[in-house]
Structures are given as C-alpha cells and as structure tokens.
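> Pasted the sequence and its predicted model underneath.
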Amino acid sequence: MKKNLLFFFVFVLSISLLAQDYTPTDGLYGSELQKTLFNLIKNHTRYPYSSSSTDTWDILKEADKDPNNPNNIITIYMGYSLDADGEYSAGWNREHVWAKSHGFPSSGDTAYTDCHHLHPADISTNSARGNKDFDNGGQEYLDGGTVHSGCYYTNISWEPRDAVKGDVARSMLYMATRYDSPALNLQLVENIPTSSNTPYFGKLSTLLAWNRFDPPDDWERRRNNVVESFQHNRNPFIDHPEFADRIYITDSLVIEYAKMVGPDKFVIKFSEDLNSTSANNAENYSLVNSNLQIISAQTGYQGDNSIVKLTVNANLTDSVYIARVSNVESTSGKKITYMAIAVFAFDPNVDVEEDDFPTEFSLNQNYPNPFNPTTTITYVIASIHGRDAINRVSTKGAVDVSLKVYDALGREVATLVNEKQSPGKYAVQFNATKLPSGVYFYTLRAGNFSSTKKMILLK
C-alpha cells in the first residue's frame, strides 16, 4: 500500500512543471548570491534514511526510475538498470555524492538524507569510489574487473562517466550551497586530496568545468521535480547552471542569465559590458539542445551594453533551451569562461517587441562581394499585413519562401531556401566551391514579393 500511494503522489506532481522563483538572485554574484540561494532552499522537509514509512529508498526509486522499465532504477556511475525493490539484494545501494565522512557522518544529520545528492549506485562501484575527491584522470574502472565504466580513478580522485559529469557537479554545488551554514559549513575547494572528518571537498575547478561540459537534460530536470515534490526544495544549479560561475568565478566574464524576449529571440545578460566585435558575432553562440541556428547577435539591448539580443532561424517552442557562448570578451578584456552555458525556458506570455513584426520584405546585398568561395545573403520576411493600425494586432503567419541562385544564362545552380518561414530576419550562407568564376544572380520570392540581386564569384 505504501508503494502504491507513493507512486500516485509523485506521478501527480511530476507531470506538472515545478518552478522556483529566482527573482531575489537578480544582479547578485559571489557569496551574496550563494547566501540568497541558501535562503531559498533551506529548511526543506527531511525524510528518514531508512524507515517503514516513506524514506530515502522510496524517493530514489521514483527520482531515478528507469524510463524504459518502471520497476527498475538507473545507477549513477555505471548506468545499470537494476530491480528497484531488490535494493541490496539486487546489487544497489545509496551513494552519497558528497561523501558523508566529509562533514555529516551521522544518519541523523539532515545532509545525510538529502536526496539532491543521494543517488542509486551499484554496490561494487560505490565501494570503488569511496570518499575520493572528484577530478579528471587516472585509469579506467572496470566493474568486476571486466565491465568498462567510462569512470576513471587514482588513489585520491574519481572521474564519473561523461553522461553524468554535470549531474555529479550540480549535486556537489547544491550541497556546498544548501549547507553553507555554521552547522556544517560545507565548502568546495581547489586543493586535493581533502581529509575525511572535514567539511571540504574538491576539486572546485573540475566541478565547474563538468557543470558546463554536461548541461542539465530532461532526466535531470525530472529528477529535480521529483525530489522537490518530497523535500519541497530544488537544486537551483539544475534550473540555472550559470549560478555556479556567478558564485565562484571572479577573473573571467560570466553569464548572469538568459531569457526569451520574442517569438524567435532571446537575450543573454553578462557580468560586464561587452566588446561589440566579439559579442555581435552570431557564430559565438549556439543552442546545444536544439536544431535552431543563431542568425544574428546585437549588443545594447534596451540600452544595456552587457546584454546581447540573439535571433534564431525559427520560432522558439515549448521547451527548455541551453545557450552556449564562446569567444566573447568584455570591454575590460575579460574572456568568457570556457564552454559557458545558461538555461532559459519558452515563455508563451512573453511581450513581443515592436521590431519582431517587420512590415517590409527586403533582400540585401550579399557579403562579401566579390567572394571566394562562400558569401552570406540576408533578407527580411515581413508580416503579410504588418501591424493593424486600428486593432494594434499583428498577423504573423508563415509564408512560402524560396531563395535561388542562377548563372548569367538564367540557369538555376542552387536552391538555398524552399520552405515556409515566419516574419523575421534571416541569413543564409552560399558555398560556390563547385562553380566557376563569373557573375551570378540570386532571387528571393516570398508571397507576392520578388527581388533579384547580382553577385560576383572570383577564384
């Protein structure tokens, strides 16, 4: 009966999006940000480690449930699917990612039973990891001497497989924030090995890198929702992994936040004013969990030179997006942290900016021109009727768009676009590697609009 009631409870809560209001963190960095996050997630509901009532076993069976077999759980280090109810007899136990010997050895300690850092692990791999610090390198761990794990170890460190590096990092970041208090004072440090019976754990720089390397995915977000449904607090580093750099990085440019501002636009706010040359290069941005392409970048959003507005090649949809930034610098010369990321969610209620409704079609001159062998063609697809001056509404329907290239004799040599497109600004690259030098023409057709321009290929 306990199991059935528990499943119903979690199922009802996990099918809805559980969100945390992080508004109090706006503009904060360093210890001030960490303390604010502490106040948001402290005083959670504690469950016993083992009990005849709901305990940490039960929570992990829901949080780490195998999506392909609901009777099993997935272990963190090996990725095994093991019988959930079997527990020890099925070969799995509970891994304290922040080893309990580092600050809370008693099962009566709140941190001991906190499921944001407890994960299922097969018994042998859990034992092999022990209480080692986290870092890269060493020899591969072979479970049972034969099964490759993708995990590596030395006598002082443990490196989890790539698929869960970020999961591990965010569990550790959570612990160092949730228990950043006089009672435990857990701290992430740079020097390893750290000693047992101390509240320290490393290696900070490695965990920060793993947080960026392996961003949160749907599995991790679902797990966060399930644990919150019991404990009534979230792991904020899953919701916003950019919090980590804002707390710990002081000598580099970091991301403060990302958010959607239009149907096909989002902004990224940085810690300092931006060098426009690097920040306005659309190639320095990507959405790592989406096929959408960044087609333009422009600093100075709403007059703030620390914010860049980014346009994608199609409308954003009901999803969570992970933006990655590289090669961007501040006006003071600080470079963006390596593989920097920020998370933002689709917002159906976002206010749409005036310039999201272009009222005129246009085809621009390619650049560079002349070119060899690649050039970029930009154009604007307008709202069919623009803004209704009386009703103040827009018509934003997609139109059939084609962009084709012809040689001097009028023969079609390339089709660059042939699809429906929503109003917005677009950029397409044309590669003429296989074509001879000469004069070419490109034509844009969209609805009743048609325009042609000339370009020159010089090899």
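Here it is on my side, so go on.

> For residue 59, what is the enclosing helix or strand?
Assigning secondary structure by DSSP states H and E places residue 59 in helix 56-63.

> After that helix, which helix or strand is next?
Tracing the chain past helix 56-63, the next element assigned as helix or strand by DSSP H and E is strand 65-66.

> what lines up beside that next one in the sheet?
Strand 65-66 has the following strand partners under DSSP bridges: strand 69-74 (antiparallel).

> what's the helix holding residue 59 packed up against?
Packing contacts for helix 56-63, counted by 3 or more Cβ pairs under 8 Å, 6 or more residues apart in numbering; DSSP states H and E, involve helix 2-14, strand 92-96, strand 118-122, helix 218-231. All C-beta atoms are positioned from the backbone trio N, CA, C, and that covers glycine.

> Lowest average pLDDT across those?
In terms of average pLDDT, helix 2-14 trails the rest of those, at a mean of 38.

> picking that back up, quick one: average pLDDT of the helix holding residue 59?
Rounded to a whole number, the mean pLDDT of helix 56-63 is 97.

> What would it look like as CSV? C-alpha coordinates only.
Included here for helix 56-63 are C-alpha records, laid out as CSV according to Å, rounded to 0.1, in the frame of the first residue of the first chain:
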residue,chain,number,x,y,z
THR,A,56,15.2,7.9,1.0
TRP,A,57,14.9,4.4,-0.6
ASP,A,58,11.4,5.3,-1.8
ILE,A,59,12.3,8.7,-3.1
LEU,A,60,15.2,7.4,-5.1
LYS,A,61,13.0,4.7,-6.6
GLU,A,62,10.9,7.5,-8.1
ALA,A,63,13.6,10.0,-8.8
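
> what angle sits between it and strand 92-96?
For the pair helix 56-63 and strand 92-96, the angle between their directions (axes from the mean of the first three to the mean of the last three Cα atoms, to 10 degrees) equals 90 degrees.

> dump the residue contacts of the nearest residue to residue 111 once chain neighbours are set aside.
Taking Cβ to Cβ, 6 or more residues apart in numbering, and ignoring the residues beside it in sequence, residue 111 has residue 104 as its nearest neighbour in space, at 4.2 Å. Contacts of residue 104 were listed using Cβ atoms under 8 Å, 6 or more residues apart in numbering, and they are 110-112, 179, 184.

> residues near the closest residue to residue 41 other than its chain neighbours, how many?
Using Cβ to Cβ, 6+ apart and skipping the chain neighbours, the partner closest in space to residue 41 is residue 233 (4.3 Å). Close neighbours of residue 233, defined as other Cβ atoms under 10 Å, add up to 20.

> what do you get for residue 268?
Neighbours of residue 268 (other Cβ under 10 Å): 26.

> Also the one 3 residues further on?
Burial of residue 271 is recorded as 20 neighbouring residues (other Cβ under 10 Å).

> Pretty sure it sits against residue 253.
Yes - in terms of Cβ atoms under 8 Å, residue 271 counts as a neighbour of residue 253; the distance is 6.0 Å.

> Which residue lies nearest the spatial centre of this structure?
Closest residue to the average C-alpha location of the chain: residue 322 at 3.3 Å, with Cα atoms, centre = their mean.

> Quick check: which element contains it?
Assigning secondary structure by DSSP H and E places residue 322 in strand 320-325.

> tell me what that strand is packed against?
strand 255-262, strand 265-270, strand 285-287, strand 340-345.

> and with 6 Å instead?
Counting contacts by 3 or more Cβ pairs under 6 Å, 6 or more residues apart in numbering; DSSP states H and E, strand 320-325 packs against strand 285-287, strand 340-345.

> what comes up buried for the helix holding residue 59?
Of the residues in helix 56-63, those buried by neighbour count under the rule 16 or more other Cβ atoms under 10 Å are 56-63.

> Direction-wise, compare the strand holding residue 322 with strand 265-270 and give the angle.
50 degrees.

> Adjacent strands (with direction) for strand 320-325?
As defined by DSSP bridges, the strand partners of strand 320-325 come to strand 285-287 (antiparallel), strand 340-345 (antiparallel).

> wait, which of the ones you listed is closest to residue 402?
Proximity to residue 402, assessed across the strands paired with strand 320-325 by Cβ to Cβ, is greatest for strand 285-287 (25.9 Å).

> quick one, phi psi at the residue lying closest to residue 318 once chain neighbours are set aside?
With Cβ to Cβ, 6+ apart as the measure, residue 346 is the residue that lies nearest to residue 318, at 5.0 Å, once sequence neighbours are left out. Here the main-chain torsion angles of residue 346 (degrees, to the nearest 10) amount to phi -60, psi 140.
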